[in-house]
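>>> Mind folding the following:
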Amino acid sequence: MQRTINDMHIECVKGDITRQCDIDIIVNAANKQLKGGGGVDGAINRAAGPRLVEASRALGPIEAGEAVITPAFDLPNDHVIHCVGPVYSQSQPVAEQLASCYREAMGLAVEASAESIAFPAISCGVYGYPLEEAAGIALTTVAECAAKGTRVGLVRFVLFSDDALAAFSNALGALRQ
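Predicted structure coming up:
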């Protein structure tokens, strides 16, 4: 699924975020200490090599909704943006924290003069965020960045499962121009 909003091409694909050779920046769903972990975080850190953990750890800790940028080291990309997504709960401002991850990452991509960025489904793994709700927040936030003229030409959501791909594709299709 793909759409173009204000010259920003947005697409959803199933795949491995560590194998996005045509993307300038990939986003890591990190933990607060930026010390590596499981899921997307573990996959990115394994693919990038031990220097990524060293570089990111020096920038932590950070809180939910915040992001930092490091070189990508052994990955085929220029940089990795590390975002700490919220642990899902109905009693905290998790929607704003999740939206902040995407806004912060887009801002860092612009500062790095990136033309492309790839996101995973932040907070949808062990942090328990429901896929449909997270997808709506992610796509709405990126579309808002596009409407403001963010200078990133390609935003790719790289989803690991068919369920995640369906949720993000549906959210992309539901966006208003």
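
>>> For Ala146, what is the enclosing helix or strand?
Remark: Ala146 resides in helix 131-147, with elements defined by DSSP states H and E.

>>> And for the following helix or strand past that helix, what's in contact with it?
Toward the C-terminus, helix 131-147 is succeeded by strand 154-159 as the next helix or strand (DSSP H and E). The list of residues contacting strand 154-159 from outside it, by C-beta atoms under 8 Å, 6 or more residues apart in numbering, reads 8-17, 20, 23, 26, 106, 115-121, 138-139, 142, 146, 165, 168, 172. Where C-beta positions appear, they are placed from N, C-alpha and C, glycine not excepted.

>>> where's strand 154-159 relative to the chain centroid, distance-wise?
Here strand 154-159 shows a centroid-to-chain-centroid distance of 8 Å under the convention C-alpha atoms, centre = their mean, to the nearest Å.

>>> Send me it as PDB with only the CA atoms.
The C-alpha trace of strand 154-159 is given here as PDB (Å, rounded to 0.1, in the frame of the first residue of the first chain):
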ATOM      1  CA  LEU A 154      10.000   8.600   1.300                       C
ATOM      2  CA  VAL A 155       8.600   7.200   4.500                       C
ATOM      3  CA  ARG A 156       8.400   3.400   4.600                       C
ATOM      4  CA  PHE A 157       6.700   1.400   7.300                       C
ATOM      5  CA  VAL A 158       8.400  -2.000   7.400                       C
ATOM      6  CA  LEU A 159       6.200  -4.500   9.200                       C
END
